[in-house]
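J.: next one to model:
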Amino acid sequence: MRIIKKYPNRRLYDTDTSRYITLDDIKQLILKHLDFKVVDVRTEEDMTNYVLLQIISEEECAGKPIFTTEILLNIIRFYGNPLQQTMSQFLEKNLALFTDHQADFHTYLQDMLGKHDAFSPMSEWMQKNMAMWQSVFSPPVAKTTKQKSTKTTKQK
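T.: This is a model prediction of the structure:
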């Protein structure tokens with residue numbers, strides 16, 4: 001794994017290439033799917049997420065943002081919430097699912113554009129996503145509610 005040292009003056013040093021790099025250089029590592037870790041040079045604390053958030057912030061301000069204000073507000077609201085870990089897992093799994101199907105979706109669009117319903121794979125993905133979301137938050141008492149209403153109906 002490539003180690004990037006973060007200095008107090010906010011400079012980043014790539015130990016693999018023995019040179020100072022920028023956030024854009026780190027973005028290129030990400031786009032190439034190269035593994036790396038950013039560590040504080042003094043404390044050796046893992047600073048990877050901090051640097052990744054800096055890159056996201058720059059990208060969001062530079063052009064067409066991915067995150068709407070509402071999405072950001074909702075993410076912030078989950079910090080400290082009992083469901084914080086669940087939301088983290090939900091986002092991670094859904095992004096992985098989306099990424100896995102992205103290549104298939106592009107291929108399908110190229111092959112089928114104009115011939116059939118080009119959005120069928122997206123519909124399938126959305127249905128799988130909804131099923132996963134419902135399984136995470138569905139209360140296990142759904143059967144007992146049905147049983148109670150059946151008993152109530154029989155008693156009348």
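J.: hey, let's count contacts and neighbours off CA atoms from now on
T.: Fine.
J.: could you give the mean pLDDT of the helix ranked longest in the chain?
T.: Counting by DSSP state H, the longest helix found in the chain is helix 84-112. What helix 84-112 shows for mean pLDDT is 86.
J.: same check, this time on stretch 57-75
T.: 93.
J.: hang on, the earlier thing: now for the longest helix of the chain, which elements pack on it?
T.: On a contact count with 3 or more CA pairs under 8 Å, 6 or more residues apart in numbering; DSSP states H and E, helix 84-112 meets helix 120-137.
J.: average pLDDT across the helix it packs on?
T.: Here the average pLDDT along helix 120-137 is 71.
J.: can you check stretch 39-53 too?
T.: 97.
J.: same thing with stretch 2-17?
T.: Here the average pLDDT along stretch 2-17 is 96.
J.: can you list the buried residues in it?
T.: Under the neighbour-count criterion of 16 or more other CA atoms under 10 Å, stretch 2-17 has Ile4, Lys5, Lys6, Leu12, Tyr13, Asp14 buried.
J.: domain-wise, how is this protein divided?
T.: If you go by automatic domain parsing, the domain ranges for the chain are 2-62, 79-139.
J.: which among those is found nearest to Thr69?
T.: domain 2-62 (10.9 Å; CA to CA).
J.: any idea how far that closest one is from the chain center?
T.: Distance of domain 2-62 from its chain centroid, counting by CA atoms, centre = their mean, to the nearest Å, is 19 Å.
J.: any idea how far apart the tips of it sit?
T.: Length of domain 2-62, first residue to last, CA to CA, to the nearest Å: 27 Å.
J.: equivalent analysis for stretch 31-42, please.
T.: 28 Å.
J.: pull out the buried residues from that stretch.
T.: Phe36, Val38, Val39, Asp40, Val41.
J.: so which residues make contact with that stretch?
T.: For stretch 31-42, contacts defined as CA atoms under 8 Å, 6 or more residues apart in numbering pick out 1-8, 29, 45-48, 51.
J.: if we use 6 Å, what do you get?
T.: With CA atoms under 6 Å, 6 or more residues apart in numbering as the test, stretch 31-42 has contacts from Met1, Arg2, Ile3, Ile4, Lys5, Lys6, Tyr7, Glu45, Asp46, Met47, Thr48.
J.: take those and keep only those in helices.
T.: Thr48.
J.: which pair in the contacts of stretch 31-42 spans the largest distance?
T.: Met1 and Tyr7 (19.0 Å).
J.: now His33: how far from Ala96?
T.: According to CA to CA, His33 and Ala96 sit 14 Å apart.
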